[in-house]
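Chemist: Output the structure for:
(2 chains)
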Amino acid sequence: ELKVEQNPLFLSMQEGKNYTIYCNYSTTSDRLYWYRQDPGKSLESLFVLLSNGAVKQEGRLMASLDTKARLSTLHITAAVHDLSATYFCAVNGDDYNTDKLIFGTGTRLQVFP
Amino acid sequence: EAQVTQNPRYLITVTGKKLTVTCSQNMNHEYMSWYRQDPGLGLRQIYYSMNVEVTDKGDVPEGYKVSRKEKRNFPLILESPSPNQTSLYFCASSLSGVGRRGEQYFGPGTRLTVT
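Modeler: Coordinates of the predicted model:
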């Protein structure tokens, strides 16, 4: 059974600091997604990582994928308050149910002044 | 505008009263899916559909039904809701097909409370 684990689950960080969120998954998967969710809102797609070594950046966020280690990271550079949200990683879970997503439990990020 | 819509956005109901949450997408996507989100459990798939008249169970299908009579619509039906179905529900769609995986687009969510 495919499992996706994120850590940390909660992250409180000061503005201007850097930090990394980790996403481990238990079996092979050919793509990995990062989503952002604001409280009470829907999921917003941040990154789709398609291959080993893929790196994508958007503003202060950078995501990478190591399929051999089954690990993805979401790096936050010089955090600002607007980045406060919950971040989920997800992988495709099933060869038949091709677009099914298995989600991590999320990392709740709070950025304070 | 390309989007997934859900209705209602908020619903409070009582145990046993049948309800339907509608989902519609305007992107001509083949794949549609329902997830529920619960604190500490993340998002889990309830049902999915790979095309019209093709539906199958996800990880937590008990107590739910779906139908896919048209490509754009994928309603979620709770025949006899119970309090343990209180949750935040998301519909999602993607352009999929044989040998192809699609990025999923999520609706705005429906917050359901069953008393």
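Chemist: Need the residue closest to the centroid of chain B.
Modeler: Centroid-nearest residue in chain B, with C-alpha atoms, centre = their mean: B:W34, separated by 2.7 Å.
Chemist: partners of it in the sheet?
Modeler: B:Y47, B:C91 (DSSP bridges).
Chemist: Buried residues in stretch B:61-79, which are they?
Modeler: For stretch B:61-79, a neighbour-count test (16 or more other C-beta atoms under 10 Å in any protein chain shown) marks B:P61, B:Y64, B:V66, B:R68, B:R72, B:F74, B:P75, B:L76, B:L78 as buried. In short, each C-beta sits where N, CA and C put it, glycine included.
Chemist: what pLDDT does the closest residue to A:L49 other than its chain neighbours get?
Modeler: Nearest non-adjacent residue to A:L49, counting by C-beta to C-beta, 6 or more residues apart in numbering or on different chains: A:L65, 3.9 Å away. If you check A:L65, the pLDDT there is 94.
Chemist: Could you say which helix or strand holds A:L65?
Modeler: strand A:61-66 (DSSP states H and E).
Chemist: In terms of secondary structure, what does that strand contact?
Modeler: The contact analysis (3 or more C-beta pairs under 8 Å, 6 or more residues apart in numbering or on different chains; DSSP states H and E) places strand A:61-66 against strand A:43-49, strand A:55-58, strand A:71-76.
Chemist: Can you name the residues of chain A that neighbour chain B?
Modeler: A:30-31, A:33, A:40-43, A:45, A:48, A:88, A:90, A:92, A:97-101, A:103-106 (C-beta under 8 Å from any C-beta of the partner chain).
Chemist: filter those to the buried ones?
Modeler: Those of the residues of chain A next to chain B that meet the buried threshold are A:31, A:33, A:42-43, A:88, A:90, A:92, A:97-101, A:103-106, by 16+ other C-beta under 10 Å.
Chemist: What about those residues, which are in strands?
Modeler: A:Y33, A:L43, A:F88, A:A90, A:N92, A:L101, A:F103 (DSSP state E).
Chemist: ok, which pair from those is furthest apart?
Modeler: Using C-beta to C-beta, those span at most 15.4 Å, a distance reached by A:L43 and A:N92.
Chemist: who in chain B is up against chain A?
Modeler: Within reach of chain A by C-beta under 8 Å from any C-beta, chain B has these residues: B:31, B:33, B:35, B:40-45, B:48, B:50, B:56, B:58, B:90, B:92, B:94, B:96, B:100-109, B:111.
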